[in-house]
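Chemist: This is a predicted model, with the sequence first.
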There are 2 protein chains.
Amino acid sequence: MKQGKVTLLSAGPGALDLLTLRAARVLGEADVLLIDDLANPEIATLAPQARVIAVGKRGGCRSTPQAFIERMMCRFAKCGAHVVRVKGGDALMFGRAGEEMTALRRAGVPVEIVNGVSAAFAAAAGLGMSLTHRDHCAGVTFVTAHRQDGSAPNWAALAATGTTLAIYMGLHRVEALSAALLAHLDAHTPAGIVQWAGTPQERRMVTSLGRLAADVRAGGFASPAILLVGGAVAEAAMDAATTRQQREDVIARAA
Amino acid sequence: MKQGKVTLLSAGPGALDLLTLRAARVLGEADVLLIDDLANPEIATLAPQARVIAVGKRGGCRSTPQAFIERMMCRFAKCGAHVVRVKGGDALMFGRAGEEMTALRRAGVPVEIVNGVSAAFAAAAGLGMSLTHRDHCAGVTFVTAHRQDGSAPNWAALAATGTTLAIYMGLHRVEALSAALLAHLDAHTPAGIVQWAGTPQERRMVTSLGRLAADVRAGGFASPAILLVGGAVAEAAMDAATTRQQREDVIARAA
């Protein structure tokens, strides 16, 4: 029997043509696809030969337990299958790849990674801005709005780094995280939001940290979305962004 | 005359098959390629129809002045050409894309972004680790070892974030940055280095922050390289990494 293996494959932010050439090739070789909730399900069209299993895991609801996913990957691989675990964005960013690699190594299953485009890059592209404009920052921090244990990240330290902040999974607590950041950053700090970055449904807005929470709610933004905070956001292309002022104009005309 | 435009295109970390499908398509449509020093020059094979111009800009030496690159892009685009500016990694990370977008917008030249895989993602894949293992961190910070004005980033704040640190362009000052981080992080903090991440020449090592500078020099590592610092590096696959101990064993056997 042939040796099975697992590939943790990055689906990118949504549009199928943002997959890498390597990802497309590996999908064509897969025996089993395990597709994450945040990955575009159309990715299965690139693996018509594969058995496809959806293993959604969004925010804890209707989710397939992590341990079950890991057991399933091991079982198929040990039967000789090439299992391709498809994750949204890049597999090595906020995707439980660490736990899965540990489980696979313990089970003696070979594991490979295929990188991809993480959502914050697509968000910055949508806004027409660099994540690390050197006039504004020394880099960029990708962070989730809450830790595994329910605690918040160290917003004081994050603000003090002077890096652009790209906040994943922060929308449902945008009031709390804005308030936490406003304790350390000026209310005029540029801020942006991009919903469904890198997909045809993409929506975006540029505002300030002080108005972020109100503008996000007024604009009807919903998950999945990336929040961007920092001076670099000031460089966003105004034609690419639905600005607060533009939106207010729209609302005023509609009233 | 047709309307020209500029695409800022991400070449990824080196291997051609880590380009996105969109990047490959756009390369096939280019009239002029301006290829950055850190991008794989073989990328030109995907644009056999294009005029290819190398515009190296590494560490200030033998470099094409930024203003000249921007003028050249504008000139070709205004003549109706589709100019594809190829940048290593993702175009929106440490690649002067911000300045270039500003210059192009001022000149009235349409500009598009094609995202890609930044080198730190390939480095993490090489080490078999997640950048954001939730047992260890709330995220990851991508930072350069020095600012535009020559100053260092705020290492105290970066250390306090508890995020994995992915340090670009840090190798030539690894002693100074290790010392700066050791003022705020334990010497046993896991650290890794990956040279030429995502290419056939990739070399990697896992060690500790306290030994990082000495091990990097003893191992003969050179630029371009990504340094990774933080608890998440402890999860690196030991079979993927040349550990300090393994390397010492090799040296001992060779002596």
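Modeler: Sure, I can see it. For clarity, every value in this text was computed on a predicted model and none was experimentally measured.

Chemist: Look at residue A:52 and tell me its secondary structure.
Modeler: strand (DSSP: H, G, I helix; E, B strand; the rest coil).

Chemist: Hmm, residue A:31 and it touching each other?
Modeler: No: with contact defined as C-beta atoms under 8 Å, residue A:52 does not count as touching residue A:31 (10.8 Å). Any C-beta I mention is one placed from the backbone N, CA and C, and that applies to glycine too.

Chemist: ok, which stretches of chain A are strands?
Modeler: Assigned by DSSP state E, the strands in chain A fall at A:5-10, A:32-35, A:51-54, A:82-87, A:111-114, A:139-144, A:164-168, A:190-195, A:203-208, A:225-229, A:242-243.

Chemist: is it possible to export these to a markdown table including mean pLDDT?
Modeler: Shown next, in a markdown table, are the strands of chain A (pLDDT from 0 to 100):
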| stretch | mean pLDDT |
| --- | --- |
| strand A:5-10 | 97 |
| strand A:32-35 | 96 |
| strand A:51-54 | 94 |
| strand A:82-87 | 97 |
| strand A:111-114 | 97 |
| strand A:139-144 | 97 |
| strand A:164-168 | 97 |
| strand A:190-195 | 97 |
| strand A:203-208 | 95 |
| strand A:225-229 | 97 |
| strand A:242-243 | 54 |
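
Chemist: who wins for proximity to residue B:186 among these?
Modeler: strand A:139-144 (20.8 Å; C-beta to C-beta).

Chemist: Now do the closest one: everything it contacts.
Modeler: Strand A:139-144 is contacted from outside by A:93-94, A:118, A:120, A:131-132, A:153, A:158, A:161, A:163-170, A:230, A:232, B:93-94, B:131-132, B:138-144, B:153, B:161, B:163, B:168, using C-beta atoms under 8 Å, 6 or more residues apart in numbering or on different chains.

Chemist: May I have the strands that pair with it, each with its orientation?
Modeler: strand A:164-168 (parallel), strand B:139-144 (antiparallel) (DSSP bridges).

Chemist: Would you reformat those strands as TSV and include distance to residue B:19?
Modeler: Shown next, in TSV, are the strands paired with strand A:139-144 (distance: least, C-beta to C-beta, whole Å):
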stretch	distance to residue B:19
strand A:164-168	23
strand B:139-144	20
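
Chemist: Could you dump the strands of chain A into TSV with distance to residue B:181 added?
Modeler: Below are the strands of chain A laid out as TSV (distance: least, C-beta to C-beta, whole Å):
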stretch	distance to residue B:181
strand A:5-10	29
strand A:32-35	38
strand A:51-54	42
strand A:82-87	30
strand A:111-114	26
strand A:139-144	14
strand A:164-168	21
strand A:190-195	29
strand A:203-208	33
strand A:225-229	24
strand A:242-243	39
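
Chemist: List just the one of those strands that sits closest to residue B:111.
Modeler: Comparing the strands of chain A under C-beta to C-beta, the one sitting nearest is strand A:203-208, at 16.3 Å.

Chemist: and residue A:117, what does it touch?
Modeler: Residues counted as contacts of residue A:117 (C-beta under 8 Å, 6+ apart) are A:10, A:12, A:13, A:18, A:89, A:90, A:198, B:20, B:90, B:115, B:116, B:117.

Chemist: how near is it to residue A:11?
Modeler: 9 Å (C-beta to C-beta, to the nearest Å).

Chemist: Would you mind listing the residues touching both of these two?
Modeler: By C-beta under 8 Å, 6+ apart, the residues touching both residue A:117 and residue A:11 are residue A:89.

Chemist: Would you enumerate the residues in contact with residue A:182?
Modeler: Each residue near residue A:182 by C-beta under 8 Å, 6+ apart is listed here: A:209, A:210.

Chemist: for the one 3 residues further on, same thing?
Modeler: Residues counted as contacts of residue A:185 (C-beta under 8 Å, 6+ apart) are A:159, A:209, A:229.

Chemist: could the strands paired with strand A:139-144 go into a markdown table alongside distance to residue B:103 and mean neighbour count?
Modeler: Converted to a markdown table, those look like this (distance: least, C-beta to C-beta, whole Å; neighbours: other C-beta atoms under 10 Å in any protein chain shown):
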| stretch | distance to residue B:103 | mean neighbour count |
| --- | --- | --- |
| strand A:164-168 | 21 | 27 |
| strand B:139-144 | 21 | 27 |
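
Chemist: Relative to residue A:216, which of these is closest?
Modeler: strand A:164-168 (11.6 Å).

Chemist: can I get the CA coordinates of that closest one in PDB?
Modeler: Taking Å, rounded to 0.1, in the frame of the first residue of the first chain, the C-alpha atoms of strand A:164-168 are listed here in PDB:
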ATOM      1  CA  THR A 164       0.200  48.600  11.700                       C
ATOM      2  CA  LEU A 165      -2.300  46.400  13.500                       C
ATOM      3  CA  ALA A 166      -4.200  43.900  11.300                       C
ATOM      4  CA  ILE A 167      -6.900  42.400  13.600                       C
ATOM      5  CA  TYR A 168      -8.500  39.100  12.700                       C
END
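
Chemist: If anything else comes up later, I'll come back, but that's it for now.
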